[in-house]
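Participant: Got a predicted structure plus its sequence, pasted below:
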Amino acid sequence: MSDADARTPAQIEADIKRRRDQLAETLDEIGVRVHPKTIVGDAKAKISSSVDQSLGRAYVSANRLVSDVKAQFVAEDGAPRVERIVPVALVVVGLVGLLAAGSRRRKG
């Protein structure tokens with residue numbers, strides 16, 4: 001007599017009930033996964049994650065750029081590099097002067 005022949009009807013019914021419950025649980029999980037709200041939520045989460053990663057990379061790049069520019073005008077000990085600041089300030093003042101002169105000519 002094999003194991004299958006030795007099972008009682010009650011054991012067989014219990015096995016069928018257990019498998020039916022497992023199948024119902026699996027079908028419920030599938031139903032949740034294919035529900036439109038779940039699909040939309042998953043898509044939103046992926047997009048949000050992608051945007052967060054992109055913003056993080058942009059922040060790191062911007063921070064690196066600011067640090068590089070700061071390093072051009074401030075020495076490692078924190079002292080300003082006057083030899084670099086003065087020429088840039090003169091160029092900025094010259095550009096502002098040119099823009100102001102150009103706008104006076106247009107009005108006049």
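Facilitator: Now that the structure is in, tell me what you want to look at.
Participant: any low-confidence regions in this protein?
Facilitator: Low-confidence regions of the chain, defined by pLDDT under 70, span residues 1-5, 108.
Participant: in the chain, which residue is closest to the centre?
Facilitator: Note on the chain: the residue nearest the mean C-alpha position is D52, at 1.6 Å, using CA atoms, centre = their mean.
Participant: How much space separates that one from V66?
Facilitator: Using CB to CB, to the nearest Å, one gets 21 Å for the distance from D52 to V66. For the C-beta atoms, the positions are set from N, CA and C on the backbone; glycine is no exception.
Participant: next one: A6
Facilitator: 78 Å.
Participant: ok, back up a step: is it true that the residue nearest to the centre of the chain lies in a helix?
Facilitator: Yes: looking at D52 with DSSP: H, G, I helix; E, B strand; the rest coil, it is inside a helix.
Participant: Can you give the domain ranges for this protein?
Facilitator: Segmentation of the chain into domains, based on automatic domain parsing, reads 3-79, 80-108.
Participant: So for the shortest one, what gets flagged as buried?
Facilitator: Applying a neighbour-count criterion of 16 or more other CB atoms under 10 Å, domain 80-108 contains no buried positions.
Participant: Report the distance from the host helix or strand of A45 to the chain centre.
Facilitator: Here A45 sits within helix 36-73, counting by DSSP states H and E. In terms of CA atoms, centre = their mean, to the nearest Å, the centre of helix 36-73 is set 5 Å apart from its chain centre.
Participant: Who are the packing partners of the next helix or strand after that helix?
Facilitator: Following helix 36-73 in sequence order, the next helix or strand is helix 82-107 (DSSP H and E). When contacts are defined as 3 or more CB pairs under 8 Å, 6 or more residues apart in numbering; DSSP states H and E, helix 82-107 sits against helix 36-73.
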